[in-house]
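1. Got a predicted structure here, sequence first:
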Amino acid sequence: MRNREANESLPPTIVYPHDINRRIVAQKIAHQGSFVVSHHFELDNQKEVAATNHHWLCYLLRDCNLQQITRIGDREYTGETKRGDIWLKPNSHHGFWSSSDSDECLSLIFKIAPDFLRQIALENDFANADSVEILPVLNKHDSQLQNLAMLFQQEIAHTQSGNQMYIESLSNMLAVHLLRHYCTFPVKVAEYTGGLPPYKLKQVTDYINTYLADDISLGELASHVKLSQSHFSHLFRQSTGKSPYKFLIQQRIDRAQELLLKQDMAIADVASSVGFYDQSHLSRHMKKLLGVSPRQLRQQR
């Protein structure tokens with residue numbers, strides 16, 4: 001109790017939405033700002049987060065062995081925090097954090113618009129989707145969420161533009177996970193069968209191949225065939241055996257392979273012409289799918 005009393009005697013740092021930008025290392029934005037993930041650091045040993053327009057989900061990226069108080073609404077946790085711990089602050093709740101000493105805290109902060117969660121709930125036929133209510137969570141470990149967080153961390157490390165479809169796909173998966181496990185209503189998961197009609201599948205694949213060099217988003221493809229993103233993703237996977245993102249990467253690698261074997265373009269130019277943001281990006285995916293680097297492939301001519 002002594003640490004708690006000492007900490008609460010100090011004025012906390014009040015964090016409003018515009019203040020968070022000063023603590024962001026890098027971030028990715030999806031769904032027109034309805035979903036934002038940022039690599040975030042915090043040096044203050046005491047802070048308060050006001051009610052916001054977005055739900056806030058925090059995933060800790062490293063251990064913080066100091067005694068810490070976490071309070072969201074009327075719920076409170078006191079103890080050590082470890083890498084992989086999460087807290088979830090619904091948009092209407094206030095949050096308070098206090099530690100026994102100053103220590104740099106590294107985390108991923110997800111800001112998720114309530115309307116985005118409602119839309120995902122509707123698209124996936126969740127019960128009571130019009131009245132989505134997120135539960136507050138304090139210092140919980142969630143292995144599925146951890147896997148998603150690590151994928152986000154890897155992607156956010158790439159500061160170049162690109163991979164919008166991948167970020168959107170990950171954000172949809174995270175939203176579904178929150179709705180299944182951290183919501184007040186029971187879930188009813190939609191089941192999609194049959195795949196896309198052949199003419200719609202052709203529309204999508206033609207669109208991908210036409211705009212292969214662009215940063216194609218999941219929303220673009222779904223709207224092109226007049227489907228919701230979730231519905232489209234499920235049907236596309238049934239038709240092709242791949243997610244839209246994996247199909248896009250495969251098409252880019254196929255086109256790059258053709259150019260490397262038949263053209264004398266520089267490898268960096270090949271990469272940009274098929275939608276990869278640099279040569280290393282192309283090389284990473286080509287080694288994964290073909291087992292060779294672009295330079296090794298070209299030597300096979």
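-> Arrived safely, thanks for sending. Numbers count the residues shown, from 1 in each chain.
2. Helices of this protein, residue ranges please.
-> 2-8, 114-123, 143-156, 164-181, 198-210, 218-224, 229-240, 244-262, 267-273, 279-290, 294-298 (DSSP state H).
3. which of those has the lowest average pLDDT?
-> Lowest mean pLDDT of the helices of the chain: helix 2-8, a mean of 35.
4. Please name whichever of the helices of the chain is nearest to residue 54.
-> helix 114-123 (7.6 Å; C-beta to C-beta). All C-beta atoms are positioned from the backbone trio N, CA, C, and that covers glycine.
5. Serialize the helices of the chain to JSON lines and add fields for distance to residue 36.
-> Formatted as JSON lines, the helices of the chain follow (distance: least, C-beta to C-beta, whole Å):
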{"stretch": "helix 2-8", "distance to residue 36": "29"}
{"stretch": "helix 114-123", "distance to residue 36": "10"}
{"stretch": "helix 143-156", "distance to residue 36": "11"}
{"stretch": "helix 164-181", "distance to residue 36": "9"}
{"stretch": "helix 198-210", "distance to residue 36": "26"}
{"stretch": "helix 218-224", "distance to residue 36": "16"}
{"stretch": "helix 229-240", "distance to residue 36": "17"}
{"stretch": "helix 244-262", "distance to residue 36": "19"}
{"stretch": "helix 267-273", "distance to residue 36": "27"}
{"stretch": "helix 279-290", "distance to residue 36": "23"}
{"stretch": "helix 294-298", "distance to residue 36": "33"}
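6. who wins for proximity to residue 108 among those helices?
-> Using C-beta to C-beta, the nearest of the helices of the chain to residue 108 is helix 143-156, at 5.6 Å.
7. Pull the CA coordinates from that closest one and hand them back as PDB.
-> Only the C-alpha atoms of helix 143-156 are listed here, as PDB (Å, rounded to 0.1, in the frame of the first residue of the first chain):
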ATOM      1  CA  SER A 143      -1.900 -16.400 -26.600                       C
ATOM      2  CA  GLN A 144      -4.100 -15.900 -29.700                       C
ATOM      3  CA  LEU A 145      -3.900 -12.100 -29.300                       C
ATOM      4  CA  GLN A 146      -0.200 -12.400 -28.700                       C
ATOM      5  CA  ASN A 147       0.300 -14.100 -32.100                       C
ATOM      6  CA  LEU A 148      -1.700 -11.300 -33.800                       C
ATOM      7  CA  ALA A 149       0.300  -8.600 -31.900                       C
ATOM      8  CA  MET A 150       3.600 -10.100 -33.200                       C
ATOM      9  CA  LEU A 151       2.400 -10.000 -36.800                       C
ATOM     10  CA  PHE A 152       1.400  -6.400 -36.300                       C
ATOM     11  CA  GLN A 153       4.800  -5.600 -34.700                       C
ATOM     12  CA  GLN A 154       6.700  -7.200 -37.700                       C
ATOM     13  CA  GLU A 155       4.600  -5.200 -40.100                       C
ATOM     14  CA  ILE A 156       4.800  -1.900 -38.300                       C
END
